[in-house]
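A.B. asks: Let me see the structure of the following:
(one chain, ligands or ions: 2)
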Amino acid sequence: MNILVIGSGGREHAIIDKLSESELTGIMYCAPGNAGTGIAATNVDLNISDHAELIRFAKEKNIGLTIVGPEQPLTDGIADSFNEAGILIFGPVKAAAEIESSKAFSKDLMRKYSIPTADYRIFTDHQSADSYVLSVDHPVVVKASGLAAGKGAVICSSVSESRSVLKEMMLDKCFGEAGETVVVEEYLKGEEASVFAVCDGKNFKILAPAQDHKAAYDADRGPNTGGMGAYAPAPVVDPGMMERIAKDIIAPTVDAMRAEGREFKGVLFTGLMITSSGPKVIEYNCRFGDPETQVILPLLDADLADILFKAAGEGFPESGVLPVKNMHCLSLVLASGGYPGSYRKGLVITGIEDAVSSDADTKIIHAGTAVRDGSLVSSGGRVLNVVSLAYDLKQAKEKSYRAAGKIHFDGKYCRSDIGDKGIKYYG
Ligand code: AMP
Ligand code: GLY
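C.D. replies: Ligands and ions are numbered 1, 2, ... in the order given. This next block holds a predicted model:
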């Protein structure tokens, strides 16, 4: 089966890397891809917002399965277009992708179906939002309802902060249309975890729980990023907690979407807060996480091509948990100096071969990379993921940091504490 992967980040390279283990996989293409996806797959320079161009390509190359990485094409209805053309695609249709693209929709869905989440109010009118925050205890979290590249949620510890964030989002339109509707919600205390379920619309299969590190600097300080590293499994989600999450959150969400006529086929990614009163949904995403995918797929002890093909097509006979290797996986992001603000591109990257030469369980998964004049160069904020598998988390961390030390590009930076929250559980 020939496969087309849409996207260009670490997530897409990790998906291609895992697919290459499958006997079902034929020729792989990635649109548009990065220097890493170009190793096992053929990168194709297609405009991913042009559905007709993608469909033409899929027909021409006899693509048996298309897998969508990022949220934007799903929000734009790429799955609807492929369905109409009768080409198999893994990813939710536009109406189902709204679970990520509209926080107002997802919060109301959770309320209607009693799925645990933070209390909230939705506002489309600035004046009402402004007077509401004057009357509530702080901290609160102010969120743009639409897609804002992971930057749309602000924890506000005072009334004056909430008021200024509401002004920026609703009046100054710092996120454009995405901030015309805002959610003001209760601040939840606890530890965060990401849980992923591959859904066929009715049944689902759960992957290893992971933990992301969203803040740019150590100890979760600094601005939010797309994610500076991840590890799995996350011990805060032990098997008992996972059962509870499946029963109280994943199953009712999949059922709710079906009941609403928005059957969810694809990866349901729940960002959770594990609070003292149980797991609560912080947000839903309609796709694999980045950088979480880089750690959950190496741990998957099953055929990814087969799982995604079934989810997109005939479906699963029942829900359950996918087999996970009895190991730990950690991914450390090497970022460009300045990220998540402005940064330089086109910087030459050296040392990758040396970094992976001494350990078969360490891999480099590319994110913002490209090949220019025969050299590997940086082309994005998050440049590389150094991914290691080991029998304990501490060892996985050591392997990734050792390898990362051998990779060089101007301005390279990374956090030094990826995985520490997990390591402390093991004493
Ligand atoms: P979101 O874009 O909704 O995933 O939020 C981004 C980040 O803000 C989350 O990963 C949390 O760290 C934090 N956050 C969002 N909502 C809440 C909440 N209700 N309580 C505490 N922290 C939150
Ligand atoms: N790692 C968070 C995300 O993919 O949105």
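A.B. asks: And what about A355, helix, strand or coil?
C.D. replies: helix (DSSP: H, G, I helix; E, B strand; the rest coil).
A.B. asks: D238: neighbour count?
C.D. replies: Using other Cβ atoms under 10 Å, D238 has 13 neighbouring residues. C-beta here means a position set from N, CA and C on the backbone, and glycine is covered the same way.
A.B. asks: what's the distance between it and K189?
C.D. replies: 19 Å (Cβ to Cβ, to the nearest Å).
A.B. asks: likewise F57?
C.D. replies: In terms of Cβ to Cβ, F57 sits 48 Å off from K189.
A.B. asks: Which one of the two is surrounded by more residues?
C.D. replies: Using other Cβ under 10 Å, the more surrounded residue of F57 and K189 is F57, with 17 against 8.
A.B. asks: Around the nearest residue to S378 once chain neighbours are set aside, how many other residues sit close by?
C.D. replies: Nearest residue to S378, sequence neighbours excluded (Cβ to Cβ, 6 or more residues apart in numbering): L347, at 4.6 Å. Here the count is done by other Cβ under 10 Å, and L347 has 19 residues near it.
A.B. asks: Next up, the contacts around L347.
C.D. replies: Contacts for L347 (Cβ atoms under 8 Å, 6 or more residues apart in numbering) come out as 336, 377-378, 409-411.
A.B. asks: Share the number of residues neighbouring the residue of the stretch 101-250 of the chain found nearest ligand 2, please.
C.D. replies: Going by Cβ to the nearest ligand atom, ligand 2 is nearest to G227 of the stretch 101-250 of the chain, at 3.9 Å. G227 has 23 neighbours, counted by other Cβ under 10 Å.
A.B. asks: what does N47 give?
C.D. replies: 11.
A.B. asks: Look up the pLDDT of the spatially closest residue to it that is not a sequence neighbour for me, please.
C.D. replies: Leaving aside its sequence neighbours, N47 sits nearest to E53 (Cβ to Cβ, 6+ apart; 5.9 Å). In the prediction, the pLDDT value recorded for E53 is 97.
A.B. asks: OK, contacts around E191?
C.D. replies: 211, 236, 273-274, 421 are the contacts of E191 under Cβ under 8 Å, 6+ apart.
A.B. asks: From D238, how far off is it?
C.D. replies: 12 Å.
A.B. asks: Pull the number of nearby residues for the nearest residue to M28 once chain neighbours are set aside.
C.D. replies: The shortest distance from M28 to any residue other than its chain neighbours is 3.7 Å, reached at A41 (Cβ to Cβ, 6+ apart). Residues lying near A41 (other Cβ under 10 Å) number 25.
A.B. asks: mind listing the helices for the stretch 201-350 of the chain?
C.D. replies: Here the stretch 201-350 of the chain has its helices, by DSSP state H, counting those that start in this stretch, at 239-245, 251-259, 292-299, 304-312.
A.B. asks: Would you mind pulling up the elements that the shortest one packs against?
C.D. replies: For helix 239-245, the helices and strands in contact under the criterion 3 or more Cβ pairs under 8 Å, 6 or more residues apart in numbering; DSSP states H and E are strand 265-275, strand 278-285.
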